[in-house]
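Trainee: Following is a predicted model, sequence given first.
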Amino acid sequence: MYNYKEASMRRSVAFPAGSLLLATMVISCARPPAESAPLTDADVTAIRGVFSRTVETLRAQDWDAFIATFDDEVVFHPANNPPLRGKDELRTWITSGPAVTPEFDFTQVQVLGQGDLAYATSDINMMLEGVPPDQGKQLVVLRRNDAGEWKTIAVSFNSNTPLPTTAPSGSRGP
């Protein structure tokens, strides 16, 4: 006599075991995703060009050209300010602040990345009209768009000047 319960148990054990074996075979045969190619010398030159154009457009107060170096959904973290999201907020912020002087510059630009994504760091000579001279640094993330242009997608910068220190409350001076 055929034992339905026993046959059903064999199938219920065989099905997961067979599925596990098939999944293991598929996974082991699958190729890992291809690694993105490292940045080329041309990529690094183009990214350094974004830094140069940014300085040039700031010095010239050419806001349209400045904004054109950024991705539409840029996230910009200026020092001592809330984050800015998108080109409209960035334009409002940059046009409402003090103008840069001819001494404003990005120096020590370092570029790293892979494929269509890069990040760069630089020092900043923050020379602004009516503001004491300052030095700072920035971290910039760039992405190559479908047209092959490198656009800035994120920036965070701040000053190297230490915050003023205050004596803890209740302490006495020397």
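Mentor: That came through, no problem.

Trainee: Summarise which helices and strands whichever helix or strand residue 122 is part of is packed against.
Mentor: Using DSSP states H and E, residue 122 sits within strand 117-126. Other elements packing on strand 117-126 under the criterion 3 or more Cβ pairs under 8 Å, 6 or more residues apart in numbering; DSSP states H and E are helix 41-60, strand 105-114, strand 134-144, strand 150-159. (Glycine included, C-beta is placed from N, CA and C.)

Trainee: Let's have the ones you listed in a markdown table, adding mean pLDDT.
Mentor: Formatted as a markdown table, the helices and strands packed on strand 117-126 follow (pLDDT from 0 to 100):
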| stretch | mean pLDDT |
| --- | --- |
| helix 41-60 | 98 |
| strand 105-114 | 98 |
| strand 134-144 | 97 |
| strand 150-159 | 97 |
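
Trainee: Let me have the ones you listed in TSV, adding mean neighbour count as columns.
Mentor: Below are the helices and strands packed on strand 117-126 laid out as TSV (neighbours: other Cβ atoms under 10 Å):
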stretch	mean neighbour count
helix 41-60	16
strand 105-114	15
strand 134-144	17
strand 150-159	18
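
Trainee: looking at the ones you listed, which is closest to residue 78?
Mentor: With respect to residue 78, and counting by Cβ to Cβ, the nearest of the helices and strands packed on strand 117-126 is strand 150-159 at 6.6 Å.

Trainee: how much space is there between the spatially most central residue of the chain and residue 83?
Mentor: The chain has residue 141 as the residue nearest its centroid, 2.9 Å off, counting by Cα atoms, centre = their mean. Counting by Cβ to Cβ, to the nearest Å, the gap from residue 141 to residue 83 is 14 Å.

Trainee: circling back: can the helices and strands packed on strand 117-126 go into TSV with extra columns for distance to residue 166?
Mentor: Output for the helices and strands packed on strand 117-126, formatted as TSV (distance: least, Cβ to Cβ, whole Å):
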stretch	distance to residue 166
helix 41-60	34
strand 105-114	32
strand 134-144	21
strand 150-159	18
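
Trainee: To residue 87, which of the ones you listed lies closest?
Mentor: Evaluated over these, closeness to residue 87 peaks at strand 150-159, with 10.5 Å, by Cβ to Cβ.

Trainee: name the helices or strands packed onto that closest one?
Mentor: Here strand 150-159 touches helix 41-60, strand 70-77, strand 117-126, strand 134-144, going by 3+ Cβ pairs under 8 Å, 6+ apart.
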